[in-house]
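In: Need the 3D shape of this:
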Amino acid sequence: MTRILTIFSVFLLSMPAHSQTGPSFAERCVEHYARHYNVPPELIAALIDIESGWNPRAVSAMGAMGLMQLMPSTARRFGAAQPFDIEQNVAAGTRYVTTLMWEFHGDLRLVTAAYYAGDRWVGEAQLNYRNPDVISYVRAVRRRYVARRLQQSNSLKEVPAR
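Out: The predicted structure follows:
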């Protein structure tokens, strides 16, 4: 038993810390697809923070799946045949956000509300919604988005100029 614990301890000590390993595959997918579709990567990451907490196997009570919590019809519509596949999920979710950006002329409040409640409903309401869940969701995503933008800005300042 002691030998197994020693081997396990050596294994754990030899693993690099998360902060030293760089971005995860999911984070790299977010960067790639956000840049490709010209959407702020911090917005996509903020949506994932709130939607799934970065759990690629997450399933909501309503049936939304994966990191970006895509409904089955949305996953199919935007090309995620396997919605639990990290890359397919992020790619499809980012394409969906891109269409919402076009539809709502870049208004992130409307984009976020539509991501949560559906673009038809938000398109008709144009922020005249009273649903406390939608309001809470938009605020939560906004907080994460702003925090991520600040974090990104601060990390850029820390890089020494050449």
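In: Now do the same contact list for the residue most central in space within the chain.
Out: In the chain, the centroid-proximal residue (CA atoms, centre = their mean) is I48; its distance is 2.6 Å. Each residue near I48 by CB atoms under 8 Å, 6 or more residues apart in numbering is listed here: 26, 30, 54, 67-68, 90. Any C-beta I mention is one placed from the backbone N, CA and C, and that applies to glycine too.
In: Dump these to TSV, plus neighbour count, secondary structure and distance to A140.
Out: Listed next are these as TSV, based on neighbours: other CB atoms under 10 Å; DSSP: H, G, I helix; E, B strand; the rest coil; distance: CB to CB, whole Å:
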residue	neighbour count	secondary structure	distance to A140
A26	20	helix	20
V30	27	helix	18
W54	15	coil	15
L67	28	coil	16
M68	29	coil	15
V90	29	helix	20
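In: which residues touch stretch 37-44?
Out: 30-31, 33-35, 68, 90, 93-95, 97-98, 101, 108, 111, 141, 145, 148-149, 152.
In: Among those, name the ones in helices.
Out: 30-31, 33-35, 90, 93-95, 97-98, 101, 108, 111, 141, 145, 148-149, 152 (DSSP state H).
In: Buried among these? Make that a ChimeraX selection.
Out: To isolate the buried members of these in ChimeraX, using 16 or more other CB atoms under 10 Å:
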select :30,33,34,90,93,94,95,97,98,101,108,111,141,145,148
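In: Give me the below-cutoff pLDDT ranges for the chain.
Out: 1-21, 125-129, 158-162 (pLDDT under 70).
In: which residue ranges form the helices in it?
Out: 2-14, 18-21, 25-36, 41-51, 72-77, 86-103, 108-117, 119-125, 132-158.
In: now those in CSV, with distance to A61?
Out: Below are the helices of the chain laid out as CSV (distance: least, CB to CB, whole Å):
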stretch, distance to A61
helix 2-14, 36
helix 18-21, 30
helix 25-36, 23
helix 41-51, 13
helix 72-77, 14
helix 86-103, 18
helix 108-117, 14
helix 119-125, 19
helix 132-158, 13
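In: Fine by me, we can end here.
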